[in-house]
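Trainee: below are the sequence and a predicted model; questions follow.
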Amino acid sequence: MDDSVSTFANHKYPGSQIHSRYLFDVDEQARSLSGWTQEYQQLSCGNYAGSVLSLDLPEMELLVESTNRQLHQRGQIPENSIVLAFALNANGDGRISGKKFDKNTMIVLTNEHELDFRTPDELIAAALVVDIRTLTQYFPAFDGTSPLDSAMQNCFAAIEPAILDRLRNYINAIFSELQLGQIDLSYPAARKVFYNELIGNFLQTLESLNSVDQTIPRSALMRLKTVNKAIEHMRSHMEEAISIIDVCAVLHVEQRVLNYCFQEVIGMSPISYLKYLRLNKVRRELLRVSSASCNIGNIAASSGFWHLSRFSNEYRKLFGELPSNTVRRSGLTM
């Protein structure tokens, strides 16, 4: 078990809270997951030691749970929720609803299915727990016909190792950056972008299962129209901190199709373009305020930037100066 988990114990961050619990009894661990109704049975010999690390957010929860013995976990997930879970690390194979579970498996559960999970001998698993209404609120494209559909029916999905590794790195980075105090979720726009990114990374991982072959538009005029419509929607909804999945839902295109069109027309991905739009929005606001009354972090967070040092680095990379330098220049010209 990773002792570094203890460093997150009960740290509070704006708009969220980190909790960590070390447990030495399987029943205590089963009870430690808020909103879950479940029972754990220890199946392998030896003293038990587990932990639960959670990032509690207003509309979802991100969990990292570790166990050092083989368990049989049975029960129900929180009502009206969907759970997307996978192994950050695992020693041996398990079974989810009778099907093989290993490091390349993602578990997908709703209340329609009972949790029936025989864990590997040792397991560190990450789980995103989202209210289904929240999922449809932030991602209107989720309508029961997404790549989640087949995964929900089967309770699991086999994911390409390289694709799942990207998600592992992302989750590990979130908790590391929380420890360093680099994440501020106190502003609604920052939380929405964080939610978009967090849920989007899980859904993008499942997109590898989508066998629907949507024809990529070949016409240069069609690509240009698609990009222009996307940009128009981005610009008119900047205050809402929209996601690329939102844009795809409005345009009725897959994300890979939109990406192809942007690469062909502008030479960058729609995600990068949206980020640059938001950075430019921040710059305009910094140039309008006086240096005496300016709070750069607040302006960045209200524009959807939840990672403070990454924002500064991206701002400097794009504009050739730090946000503080922009504010100082603004004060000289006012």
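Mentor: Structure's in. What do you need? Numbering: from 1, shown residues only.

Trainee: what ranges does the stretch 1-150 of the chain have for its helices?
Mentor: Assigned by DSSP state H, counting those that start in this stretch, the helices in the stretch 1-150 of the chain fall at 26-31, 132-138, 148-154.

Trainee: lowest average confidence across these, which one?
Mentor: When the helices of the stretch 1-150 of the chain are compared on average pLDDT, helix 148-154 comes out lowest at a mean of 66.

Trainee: immediately after it, which helix or strand?
Mentor: Sequence order places strand 156-158 as the next helix or strand after helix 148-154, per DSSP states H and E.

Trainee: for that next one, buried residues please.
Mentor: Buried residues in strand 156-158, counted by 16 or more other CB atoms under 10 Å: Phe156, Ala157, Ala158. For glycine as for every other residue, the C-beta is placed from the backbone atoms N, C-alpha and C.

Trainee: how about the strands in the chain?
Mentor: With DSSP state E, the ranges of strands along the chain come out as 12-13, 16-23, 37-42, 50-57, 60-67, 71-76, 81-91, 94-96, 99-101, 105-109, 115-118, 122-131, 156-158.

Trainee: could you list the low-confidence segments of the stretch 101-250 of the chain?
Mentor: For the stretch 101-250 of the chain, the stretches with pLDDT under 70 are 137-154, 208-218.

Trainee: rewinding a little: mind putting the strands of the chain into a markdown table with distance to Leu180?
Mentor: Formatted as a markdown table, the strands of the chain follow (distance: least, CB to CB, whole Å):
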| stretch | distance to Leu180 |
| --- | --- |
| strand 12-13 | 11 |
| strand 16-23 | 12 |
| strand 37-42 | 33 |
| strand 50-57 | 14 |
| strand 60-67 | 17 |
| strand 71-76 | 32 |
| strand 81-91 | 19 |
| strand 94-96 | 33 |
| strand 99-101 | 32 |
| strand 105-109 | 28 |
| strand 115-118 | 33 |
| strand 122-131 | 19 |
| strand 156-158 | 32 |
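
Trainee: which of these sits closest to Arg316?
Mentor: Among the strands of the chain, the nearest to Arg316 by CB to CB is strand 12-13 (24.3 Å).

Trainee: burial measure for the residue nearest to Glu240 when sequence neighbours are not counted, as a count.
Mentor: Leaving aside its sequence neighbours, Glu240 sits nearest to Lys192 (CB to CB, 6 or more residues apart in numbering; 7.3 Å). Using other CB atoms under 10 Å, Lys192 has 20 other residues around it.

Trainee: hang on, the earlier thing: of the buried residues of strand 156-158, just say which sits nearest to Pro270.
Mentor: Proximity of these to Pro270 (CB to CB) peaks at Ala157, which lies at 25.2 Å.

Trainee: my understanding was that the closest one contacts Phe101; is that so?
Mentor: No. The criterion here is CB atoms under 8 Å, and Ala157 misses it with Phe101 at 11.0 Å.

Trainee: quick one on the thing from earlier: out of the buried residues of strand 156-158, flag the one nearest to Tyr170.
Mentor: For these, the nearest to Tyr170 is Ala157 (17.4 Å; CB to CB).

Trainee: which strand residues bridge that closest one?
Mentor: Beta-bridge pairing of Ala157, defined through DSSP bridges, involves Met106.

Trainee: once you drop chain neighbours, what's closest to Tyr170?
Mentor: Per CB to CB, 6+ apart, closest to Tyr170 is Asn201, 5.4 Å.

Trainee: ok, that neighbour - contacts?
Mentor: Asn201 makes contact with Arg166, Leu167, Tyr170, according to CB atoms under 8 Å, 6 or more residues apart in numbering.

Trainee: same deal with Phe117?
Mentor: Counted by CB under 8 Å, 6+ apart, Phe117 has contacts Leu71, His72, Gln73, Arg74, Gly94, Arg95, Ile96, Ser97, Phe101, Ile107.

Trainee: and the last one, how many neighbours?
Mentor: Pointing back at Ile107 there. Using other CB under 10 Å, Ile107 has 21 neighbouring residues.

Trainee: can you check the third one too?
Mentor: Gln73 is surrounded by 22 other residues when neighbours are defined as other CB under 10 Å.

Trainee: next: the fifth one.
Mentor: A count of nearby residues for Gly94, using other CB under 10 Å, gives 23.
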